[in-house]
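Colleague: Need a 3D model of the sequence below.
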Amino acid sequence: MHRDLKPSNILLDRSHQAIICDFGLSKRIDPLEDQHSALAGTIQYMAPEVIQGGGYDTKVDVFSFGNYFPTLFSRIQHVDVNSTKF
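Modeller: As a prediction, the model looks like this:
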């Protein structure tokens, strides 16, 4: 589980294929541990369950990757980091 997918951690090669980098906050998936609770990542791209401190799984990376697309196409961050509503 990467836990910090964001534009600066997703590079594009010359053929525009995505390359994921910076695995500093990643966690090896343990089949015996289905939920994680550590607050890790960049707030603008975090899934709500991570921010709220609840248990989460690999689906948080899917959320972060989906959160990346508006930034990719518009170059504008679409999440208001000052908002308390997630």
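Colleague: Contacts for stretch 10-29 next, please.
Modeller: Stretch 10-29 is touched from outside by 1-5, 8-9, 36, 40-41, 58, 65, 68, with contacts defined as CB atoms under 8 Å, 6 or more residues apart in numbering. In this view, the C-beta of every residue, glycine as well, is placed from N, C-alpha and C.
Colleague: Identify those among those residues that sit within helices.
Modeller: 65, 68 (DSSP state H).
Colleague: Turn the contacts of stretch 10-29 into TSV, including pLDDT.
Modeller: As requested, these are arranged in TSV below (pLDDT from 0 to 100):
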residue	pLDDT
1	88
2	91
3	90
4	92
5	91
8	89
9	91
36	83
40	87
41	88
58	88
65	87
68	81
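Colleague: Which entries within the contacts of stretch 10-29 meet the buried criterion?
Modeller: 1-5, 9, 36, 40-41, 65, 68 (16 or more other CB atoms under 10 Å).
Colleague: sorry, back to before: can you name the two of the contacts of stretch 10-29 that are farthest apart?
Modeller: Checking the contacts of stretch 10-29 against each other with CB to CB, the farthest-apart pair comes out as 8 and 36, at 22.5 Å.
Colleague: how about TSV for the buried ones among the contacts of stretch 10-29, with distance to residue 25 added?
Modeller: Supplementary listing: the buried ones among the contacts of stretch 10-29 in TSV, determined by distance: CB to CB, whole Å:
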residue	distance to residue 25
1	9
2	7
3	5
4	4
5	10
9	9
36	11
40	5
41	6
65	15
68	16
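Colleague: So which bits of stretch 61-78 are buried?
Modeller: By 16+ other CB under 10 Å, the buried positions in stretch 61-78 come out as 61, 63-65, 67-68, 71.
Colleague: again, but for stretch 45-63
Modeller: Buried residues in stretch 45-63 (16+ other CB under 10 Å): 45-47, 49-50, 56, 60-61, 63.
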